Structures are given as C-alpha cells and as structure tokens.
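>>> Sharing a model prediction with you, sequence too.
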Amino acid sequence: MFSIDQIITISFTLFAVIDILGSIPVLLSLKEKIGEINAAKATIASGILMVAFLLGGKAFLNLMSVDLQSFAVAGSIVIFIIGLEMILGIEFFKSNDQDTKTGSLVPIAFPLIAGSGTLTTIMSLKADFGDYNILAGILVNLIIIFIVLRSLSYIERILGKAGLMVLRKFFGVILLAIAVRIFKSNIGTL
C-alpha cells in the first residue's frame, strides 16, 4: 500500500544521501573532462542500480562473497580520488575515447548517484518501509537527478568560471570528508 507520509520520508532521506545538488561541481568537472553527460542514460542506470539493490542487493553481495562494509569502503576510495582530483587539479582517471561512452555510467551513475551510501540506505529503508513506497521515493529522486543533469550547462553559465572553481574546491573537500566518513565507519567492521 502506498503511503504519502512514507514516500515523503523516503524521498527526503534519499535526497540527502544522494546529494545531487552538492554533486554539481563534481558533475561539472566530469563534464569538462568527458564531454557532454547523457542525463537520460545516467538517470536510468542509477535507477536500475537502486531498484536492483532494493530487490536483491544483499543476495547479490552475498553471492559475490562481498559484505556491505567492503562495498562501502571500495566506494569511499573512488569518491576520495574524485575529491582529490577536484582539489588538486590532478587527473587520476585518464579519459580516452571510451570514456565519452561510459562517463555517464562510471563514475556518475555509480558511485556518485547510486553509490554505496545510497544503496546501503535503500537496503536499510526496507526494515521500516514497504517496497512500493521505497520505489516511489526512488522515482521522485530520479526525476530530480534527471532535471539537475539536464540543467548542468545552464548552471555552469550562471556560476561562471570563478564561481565554478570555488565550488569545485569547496565540494572537493566535502567529498573527501564524506569518503573518509564512509571509510571510517566501515573499515573497523571488516
């Protein structure tokens, strides 16, 4: 049964964890590196990952002999490296012709949008909420994600080069802090 209260709670929880607005500087940095980001492809891939994890995430990780904490630590390392790129201006992930085809999927769909924090949160929500309400909350967030991804060029024009540089450095530090928090909270349980 659908519950508007549950859908609103789930939507806000996922919105905070996904933090698509906070990811704008990262997305703009990746857009600069790989070219245009395919908003539809990134949104659909993120949605598939979230729904797949809702329906069978724990079983999949068990099948691969990977626990949730190891998954979170691996995702935190990727996020940490992206944060370093933003702050230092050093390119760790070298782009090539293939990146223009897969850039919307990795690292945008995973781990930025549907990363370990999002997927872990979705699995945690199952303890308190119904699957249909979680699916509705995921859908609400996918609509927001699509709108933000489609508006990146507009956002870039509004902020200008100086504004983008300040945001990129600031959110690079925030991204590092999030990566360290995810790493710290999961490394001790391995």
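Perfect, thanks for sending it.

>>> Ala50: what secondary structure?
No Ala there; residue 50 is Met. On the three-state scheme (DSSP: H, G, I helix; E, B strand; the rest coil), Met50 is labelled helix.

>>> Go ahead and confirm it touches Thr121.
No - applying CB atoms under 8 Å as the test, Met50 and Thr121 come out as separate, 9.6 Å apart. For glycine as for every other residue, the C-beta is placed from the backbone atoms N, C-alpha and C.

>>> So, low pLDDT: which residues of the chain?
Scanning the chain for pLDDT under 70 picks out the ranges 93-103.

>>> Strands of that one, start to end?
With DSSP state E, there are no strands along the chain.

>>> The most centrally placed residue in it and Gly163: what is the separation?
Compute the mean C-alpha point of the chain, and by CA atoms, centre = their mean the closest residue is Ile113, 1.9 Å away. Distance, Ile113 to Gly163, by CB to CB, to the nearest Å: 23 Å.

>>> how much distance is there from stretch 46-59 to the middle of the chain?
Stretch 46-59 sits 14 Å away from the centroid of its parent chain (CA atoms, centre = their mean, to the nearest Å).

>>> ditto for stretch 65-79
Distance of stretch 65-79 from its chain centroid, counting by CA atoms, centre = their mean, is 14 Å.

>>> Next: stretch 136-145.
Stretch 136-145 has its average C-alpha position 13 Å from the chain's average C-alpha position, going by CA atoms, centre = their mean.

>>> hang on, the earlier thing: spit out the contact partners of the residue nearest to the centre of the chain.
For Ile113, the contacting residues are 18, 20, 23, 42, 46, 145, by CB atoms under 8 Å, 6 or more residues apart in numbering.

>>> Dump those into CSV; add neighbour count and distance to Leu159 as well.
What follows is the contacts of Ile113, written out as CSV (neighbours: other CB atoms under 10 Å; distance: CB to CB, whole Å):
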residue, neighbour count, distance to Leu159
Ile18, 24, 21
Ile20, 19, 16
Ser23, 22, 14
Ala42, 23, 20
Ser46, 28, 24
Ile145, 23, 19
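
>>> Let me have the residues you listed in JSON lines, extended by distance to Met64.
Shown next, in JSON lines, are the contacts of Ile113 (distance: CB to CB, whole Å):
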{"residue": "Ile18", "distance to Met64": "24"}
{"residue": "Ile20", "distance to Met64": "28"}
{"residue": "Ser23", "distance to Met64": "27"}
{"residue": "Ala42", "distance to Met64": "24"}
{"residue": "Ser46", "distance to Met64": "20"}
{"residue": "Ile145", "distance to Met64": "26"}
